[in-house]
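A.B. asks: Give me a model of this one.
(one chain, ligands or ions: 1)
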Amino acid sequence: MEKTAALNASFTSYSLSFNKILTPKNSMAAVSFLASFSPRIHSLSSPFPSLSIKPKRPTNTFQVRSVAAPTEDVAGFDDMVSGKQRKYYMLGGKGGVGKTSCAASLAVKFANNGHHTLVVSTDPAHSLSDSFAQDLTGGMLVPVEGPDFPLFALEINPEKAREEFRDAAKNNGGTGVKDFMDGMGLGMLAEQLGELKLGELLDTPPPGLDEAIAISKVMQFLDSPQYSKFTRIVFDTAPTGHTLRLLSLPDFLDASIGKILKLREKIASATSAIKSVFGQEETRQNAADKLEQLRERMVKVRDLFRDTDSTEFVIVTIPTVMAVSESSRLRASLSKENVPVRRLIVNQILPPSAFDCKFCAVKRKDQMRALDMIRNDPKLSSLKLIQSPLVDMEIRGVPALKFMGDFVWK
Ligand SMILES: Nc1ncnc2c1ncn2[C@@H]1O[C@H](COP(=O)(O)OP(=O)(O)OP(=O)(O)O)[C@@H](O)[C@H]1O
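C.D. replies: Numbers count the residues shown, from 1 in each chain. You can find the predicted model right below:
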């Protein structure tokens, strides 16, 4: 606790303000920052001194083209925080770009602005615990220490959630029918019937199913009275590919269920011997019901992702050509699926520096190119651009997240 208080005190003594968006000569667009930090932050050690954030006095080699005033409400946080109705924010993007840090910092900021906030992760690697520097594991609500207002975290292990689901399906007739048919020498049909088993579907889940089951579990929780107090729910979602597959899952499950029902009809009319096997009708029906239930929950998750009144997907990226290209594809897919997207965070932008070393100069040029791409990409340029600098410390623990939240969520 003492350590947290000390960290809090030192972080609140920092001030950060962005200056203008800068443009190098002859470049279509470029973004840079002007950060004014107290000398205390400057003295934080960095393995790359030129990456350290310089104290006030801005110096840069770029021509200034004023795009954003320092006091501008860049992220539109006032809009995000207003209203007491429940809102969901899903943060997603390529692996390692800073999704968890951005999600956790948003959750801290919502909580400090008076919202009962829940931050959820469905990542088995437990990034939230690392980000908050607290043990938040266990699949239950855990209070986060530090913010002014109640902030809770929930880490769901998607594999474990699938296991639970699979066991339930098994108890409802998973392998029972197959064993029974094997015993009757109906191996061939047993194989076909194998396709009716939800348990087996879950043994080899399609990509995205784990994440979907985890999110649907969260949705179940959210319907319970214990969770009714939460007015802001922030999701730290899985990397891009999984998010996209998750959105197409209800269609996949529709197809699976269709296949199951068709097969059942086929077998039902096959032989009278099979009819006796259908003495197991009830258990098979339970397995199909379970699958149908799963499909319904997936549809609920899909609907939540599409609800423009309550939900927003925030894309997080970094200024590299690869990450921007992936973000553009993500934005296109989300649009196709009618998922509301309004904001794009470009994280880890090099802060301005009076003297760039060779490495930093090259890096900066690369970043400028990537930022140009964003401005020239019709899918991305229409989004609110939130610029977040690369800082010379690890964003870890509530004070650091508060610090990050104050410059990202303005
Ligand atoms: N602006 C920043 N400046 C400096 N370090 C940062 C910044 N943003 C994130 N980091 C650091 O980068 C690392 C990865 O961040 P984070 O875990 O938030 O990414 P992620 O996209 O959630 O990763 P994953 O996809 O693996 O879950 C962390 O060590 C974090 O502290």
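
A.B. asks: Enumerate the residues of this structure near the ligand.
C.D. replies: The chain comes close to the ligand at residues 95-101, 123, 127, 239, 347-348, 388, 390-391, 394-396, as judged by Cβ under 6 Å from any ligand atom. To be clear about C-beta, it is placed using only N, CA and C from the backbone, and glycine gets the same treatment.

A.B. asks: how about low-confidence regions in this protein?
C.D. replies: Along the chain, segments meeting pLDDT under 70 span 1-73, 124, 126, 161-212, 241-243, 245-292, 294.

A.B. asks: which residues touch stretch 144-152?
C.D. replies: Here stretch 144-152 makes contact (Cβ atoms under 8 Å, 6 or more residues apart in numbering) with 1, 4, 8, 107-108, 110-119, 132, 134, 136, 141-143, 153, 229-230, 397-399, 402.

A.B. asks: Next step: these restricted to strands.
C.D. replies: With strands identified by DSSP state E, the entries of the contacts of stretch 144-152 that belong to them are Thr117, Leu118, Val119, Val142, Pro143, Ala153.

A.B. asks: Nearest spatial neighbour of the last one, chain-adjacent residues omitted?
C.D. replies: Right, the one you point to is Ala153. Spatially, and ignoring its direct neighbours in sequence, Ala153 is nearest to Leu136 (4.2 Å; Cβ to Cβ, 6 or more residues apart in numbering).

A.B. asks: ok, now the fifth one?
C.D. replies: When the adjacent residues along the chain are set aside, Pro143 lies closest to Phe152, with 5.6 Å between them (Cβ to Cβ, 6+ apart).

A.B. asks: same thing with the second one?
C.D. replies: Sequence neighbours aside, Phe230 is the residue nearest to Leu118 in space, at 4.5 Å (criterion: Cβ to Cβ, 6+ apart).

A.B. asks: Any chance of the backbone angles for that neighbour?
C.D. replies: Main-chain dihedrals, Phe230, degrees, to the nearest 10: phi -70, psi 120.

A.B. asks: what's the burial count for it?
C.D. replies: Look at Phe230: counted by other Cβ atoms under 10 Å, it has 20 neighbours.

A.B. asks: if I pick the residue nearest to Ala153, what's in contact with it?
C.D. replies: By Cβ under 8 Å, 6+ apart, the neighbours of Leu136 are His126, Leu128, Ser129, Val142, Val144, Ala153, Leu154, Glu155.

A.B. asks: swap in Val97?
C.D. replies: Here Val97 is in contact with Val316, Thr317, Ile318, Ala323, Asn347, Gln348 (Cβ under 8 Å, 6+ apart).

A.B. asks: can I get these in a markdown table with secondary structure?
C.D. replies: Compiled in a markdown table, the contacts of Val97 are given as follows (DSSP: H, G, I helix; E, B strand; the rest coil):
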| residue | secondary structure |
| --- | --- |
| Val316 | strand |
| Thr317 | strand |
| Ile318 | coil |
| Ala323 | helix |
| Asn347 | strand |
| Gln348 | strand |
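
A.B. asks: doesn't Arg375 make contact with Val324?
C.D. replies: No: with contact defined as Cβ atoms under 8 Å, Val324 does not count as touching Arg375 (10.3 Å).

A.B. asks: Could you check which of the two has the larger neighbour count?
C.D. replies: Using other Cβ under 10 Å, the more surrounded residue of Val324 and Arg375 is Val324, with 23 against 16.

A.B. asks: now the more buried one: how far from the ligand?
C.D. replies: 15 Å (Cβ to the nearest ligand atom, to the nearest Å).

A.B. asks: Three-state assignment for Glu394, please.
C.D. replies: coil.

A.B. asks: Give me the distance between it and Lys160.
C.D. replies: 28 Å (Cβ to Cβ, to the nearest Å).

A.B. asks: These two: which has the busier surroundings?
C.D. replies: A direct count of neighbours by other Cβ under 10 Å for Glu394 and Lys160 places Lys160 higher, at 15 against 11.

A.B. asks: how close does the more buried one sit to Ala133?
C.D. replies: 23 Å.

A.B. asks: next one: Pro150
C.D. replies: Distance from Pro150 to Ala133, counting by Cβ to Cβ: 18 Å.

A.B. asks: Tell me which of the two has more neighbours.
C.D. replies: Set side by side, Pro150 and Ala133 show more neighbours around Ala133, with 19 against 14, by other Cβ under 10 Å.

A.B. asks: Identify the residue spatially nearest to Val144, adjacent ones excluded.
C.D. replies: In space, Val144 is closest to Leu151, 4.4 Å off (Cβ to Cβ, 6+ apart).

A.B. asks: What count of nearby residues applies to the one you found?
C.D. replies: 28.

A.B. asks: That one bridge partners, please.
C.D. replies: Listed by DSSP bridges, the beta-bridge partners for Leu151 are Thr117.

A.B. asks: What about the residues of the chain next to the ligand, which are in strands?
C.D. replies: Those of the residues of the chain next to the ligand lying in strands (DSSP E): Asn347, Gln348, Ser388.

A.B. asks: residues near Pro239, how many?
C.D. replies: By other Cβ under 10 Å, the residues close to Pro239 number 18.

A.B. asks: wait, it sits on Leu91?
C.D. replies: No: the criterion here is Cβ under 8 Å, and Pro239 misses it with Leu91 at 11.4 Å.

A.B. asks: sorry, back to before: are any of the residues of the chain next to the ligand buried, and if so which?
C.D. replies: When the residues of the chain next to the ligand are checked for burial by 16 or more other Cβ atoms under 10 Å, the buried set is 97-101, 123, 127, 239, 347-348, 388, 390-391, 395.

A.B. asks: What are the boundaries of the strands in this structure?
C.D. replies: Using DSSP E, strands in the chain cover 22-23, 63-64, 87-92, 117-121, 142-143, 151-155, 232-236, 311-317, 341-349, 384-389.

A.B. asks: Pick the most deeply packed of those.
C.D. replies: Compared across those, strand 117-121 shows the largest average neighbour count, a mean of 28 (mean count of other Cβ atoms under 10 Å).

A.B. asks: Just give the nearest non-adjacent residue to Trp89, would you?
C.D. replies: Let me fix one detail, which is that residue 89 is Tyr and not Trp. Tyr89's closest residue in space is Val234 (Cβ to Cβ, 6+ apart), at 4.9 Å.
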